[in-house]
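Visitor: Any chance you could fold what I've pasted below:
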Amino acid sequence: LKGANAAALYGSEGVNGVIVISTKKGERGKGVITFSNTTGFSTVYMLPPAQTQFGQGVDGVYNPTQYQSWGPAFDGSLKPFGPVLPDGTQHMVLYAAPDKDVREEMFQTGISVQNNLSLSGGDNLSSYFVSVQDVLINGIIPEDESRRTGLRFNGSRQFGKLTSAYSINYSLTRNNTTPDGPWVTMYQMPANFPIELMKDWQNPNSIANPHNFFTDQHRNPYFQIDNVRNELTQQLINAKLEFDFVFTPWFSAKWRGGLYSTVDETRNTTGKFEAVGRRNVAGSVTDGSSNFRRLNSDLIFSFNKVVGQWKNRLILGNNLRDDYTKSINVGSNNLLLPGLFNPGSRTGELTGNASISQYRQSAVYGEFSTAWNNIWFVNVTGRNEWVSVLSTENRSYFYPGVSTSFVFSEAFSSLTEFTSLSFGKLYLSYNKTGNVNLAPYALNNAYSQSNGFPYGNLVGFTPSSTYPNPDIEPEFVTSWEIGTQMSFFN
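Guide: Numbering: from 1, shown residues only. Modelled structure (predicted):
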């Protein structure tokens with residue numbers, strides 16, 4: 001549904017249009033089992049260009065422990081690379097740019113495998129559809145992996161004048177990835193960087209070991225991949241229950257309730273590595289939990305009546321929505337022991353925060369449409385909303401819409417009989433849409449703890465530096481549309 005026309009039925013979230021998705025459902029007949037597999041491969045297509053004329057150093061002077069490439073021009077000689085190793089040896093590299101960009105060596109071929117299995121069927125009064133989907137993705141960064149497993153069930157059943165429909169979708173997603181640090185580092189390495197030696201970073205005599213890495217201004221990309229991890233486990237439930245009752249041939253009522261809920265569990269870790277100066281890595285861990293729940297209810301009355309050559313339809317509806325969000329994070333930036341990611345094993349204070357928010361919205365809406373002889377069409381809409389994020393004086397707002405169209409190819413049949421015109425229509429529409437995108441409690445001047453507080457039993461709070469305007473009103477978007485649609489040559 002394009003533009004603001006969709007907002008009358010779908011609210012301010014539809015101010016820029018609405019995409020309505022119809023999921024698969026069972027059909028009448030014997031049960032049908034379907035299986036499909038999709039496998040895809042991904043590689044790095046393009047990297048920012050890098051110069052291959054000069055090597056590491058500054059001001060034209062070679063420096064074996066400098067990562068910047070402002071040194072002398074490559075000459076094909078052997079030069080020392082990095083500091084002297086613990087066993088007394090000095091690693092040497094060819095001072096020349098290889099034919100292939102060494103940055104590409106850090107990436108691997110990503111693989112995505114998706115398997116789908118479904119069972120569907122039904123009879124004259126009912127239908128069902130059950131499906132299982134599993135998606136496994138190995139990313140282009142080594143060790144990055146994502147897996148999503150989903151279960152879906154929907155069905156319908158007719159009981160005389162009452163039709164019921166229901167659906168539930170559950171998915172479990174697990175991600176284990178590294179942040180962008182490895183690529184940020186790799187992008188700045190010299191053109192002759194010996195990346196093939198960097199995987200052996202746990203060897204104390206290796207140039208890849210963080211103690212021995214050629215520069216203390218960056219860390220080995222493979223060390224970052226192994227040592228800095230972000231994990232996510234997400235559980236999602238999306239459910240719907242719908243009842244449709246036909247009172248008379250021209251009057252029906254529908255109630256639809258929906259639940260959308262996500263539970264996210266996160267853990268971000270950085271392994272502790274004890275070393276001198278900038279080579280030292282302070283271990284950290286942050287555990288987070290975020291819960292989101294949306295309840296949605298629609299009650300819709302539909303009236304359809306034909307009077308002579310006029311086809312009339314009236315829709316009256318009510319929408320209720322309730323959003324609830326709760327998030328908790330706790331962590332430590334100074335862990336005591338390598339490999340032990342427990343916020344209780346730390347020095348200093350814990351870090352963390354907690355938040356709870358709730359948002360409520362209620363709306364009534366209507367749509368009246370009439371058509372005369374399939375030639376002239378008129379549509380009128382209106383919606384009034386009440387939102388909890390605005391002040392009492394401004395939280396109720398109304399927005400209307402009207403559109404009309406005229407099919408002149410039907411009104412004047414000679415146009416299609418004696419010309420190449422097959423179909424022609426003129427249309428005109430006006431819509432005013434209300435929109436509120438404030439976060440809950442945005443009009444409150446809330447206090448927060450200042451940096452460093454609390455100091456033991458001493459607390460400290462400060463108000464926000466931005467004072468909200470309590471008289472904020474809804475945003476209104478007005479749109480006009482005029483045009484024609486024509487088809488030719490059948």
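
Visitor: Kindly tell me how buried N16 is, as a neighbour count.
Guide: 14 (other C-beta atoms under 10 Å). (Each C-beta comes from the backbone N, C-alpha and C, glycine too.)

Visitor: And the helices in the stretch 151-300 of the chain?
Guide: 181-187, 221-227 (DSSP state H, counting those that start in this stretch).

Visitor: tell me the average confidence for the first one?
Guide: Rounded to a whole number, the mean pLDDT of helix 181-187 is 93.

Visitor: Show me how far it is from its chain's centre.
Guide: Distance of helix 181-187 from the chain centroid (C-alpha atoms, centre = their mean, to the nearest Å) equals 24 Å.

Visitor: got it, and the last one?
Guide: Centroid separation for helix 221-227 versus its chain: 26 Å, with C-alpha atoms, centre = their mean.

Visitor: Need the contact partners of it.
Guide: The contact list for helix 221-227, computed with C-beta atoms under 8 Å, 6 or more residues apart in numbering, reads 106, 141-143, 178, 181-183, 185-186, 195, 198-199, 201, 208, 210, 213, 270-271, 273, 281.

Visitor: 7 Å instead?
Guide: 106, 141-143, 178, 181-182, 185-186, 198-199, 201, 208, 210, 270-271, 273 (C-beta atoms under 7 Å, 6 or more residues apart in numbering).

Visitor: got a list of what T286 touches?
Guide: Counting by C-beta under 7 Å, 6+ apart, the residues that T286 touches are N268, N329, G331.

Visitor: so how far is N334 from it?
Guide: Here T286 is placed at a distance of 13 Å from N334 (C-beta to C-beta, to the nearest Å).

Visitor: about what we covered before: if we take the contacts of T286, which one ends up nearest to A96?
Guide: N268 (39.8 Å; C-beta to C-beta).

Visitor: Any stretches of the protein with poor pLDDT?
Guide: Scanning the chain with the threshold set as pLDDT under 70 gives 1-9, 15, 416, 418, 452.

Visitor: returning to what we had before: out of the helices of the stretch 151-300 of the chain, deepest packed?
Guide: helix 221-227 (a mean of 22; mean count of other C-beta atoms under 10 Å).

Visitor: Could you pull out the strands in the stretch 1-150 of the chain for me?
Guide: 29-42, 57-58, 61-62, 78-80, 92-94, 110-122, 126-138, 145-159 (DSSP state E, counting those that start in this stretch).

Visitor: will you turn these into JSON lines that also has mean neighbour count and distance to W372?
Guide: What follows is these, written out as JSON lines (neighbours: other C-beta atoms under 10 Å; distance: least, C-beta to C-beta, whole Å):
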{"stretch": "strand 29-42", "mean neighbour count": "10", "distance to W372": "40"}
{"stretch": "strand 57-58", "mean neighbour count": "16", "distance to W372": "82"}
{"stretch": "strand 61-62", "mean neighbour count": "12", "distance to W372": "86"}
{"stretch": "strand 78-80", "mean neighbour count": "15", "distance to W372": "87"}
{"stretch": "strand 92-94", "mean neighbour count": "16", "distance to W372": "83"}
{"stretch": "strand 110-122", "mean neighbour count": "16", "distance to W372": "39"}
{"stretch": "strand 126-138", "mean neighbour count": "17", "distance to W372": "37"}
{"stretch": "strand 145-159", "mean neighbour count": "16", "distance to W372": "34"}
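
Visitor: what about the closest residue to D200 other than its chain neighbours, distance to S332?
Guide: Distances taken as C-beta to C-beta, 6 or more residues apart in numbering put S206 closest to D200, at 4.6 Å, once the chain neighbours are dropped. To S332, S206 is 30 Å away according to C-beta to C-beta.

Visitor: end to end, how far does stretch 127-146 reach?
Guide: End-to-end distance of stretch 127-146 (C-alpha to C-alpha, to the nearest Å): 33 Å.

Visitor: who touches it?
Guide: 24-28, 42-44, 107-108, 110-122, 147-156, 175-178, 182, 225.

Visitor: Of S206 and S332, which one has the most company?
Guide: Neighbour totals were compared for S206 and S332, and S332 leads with 24 against 19 (other C-beta under 10 Å).

Visitor: The residue nearest to the more buried one when sequence neighbours are not counted: neighbouring residues, count only.
Guide: Once flanking residues are discounted, S332 sits nearest to R346: 3.9 Å by C-beta to C-beta, 6+ apart. Neighbourhood size, R346 [other C-beta under 10 Å]: 20.
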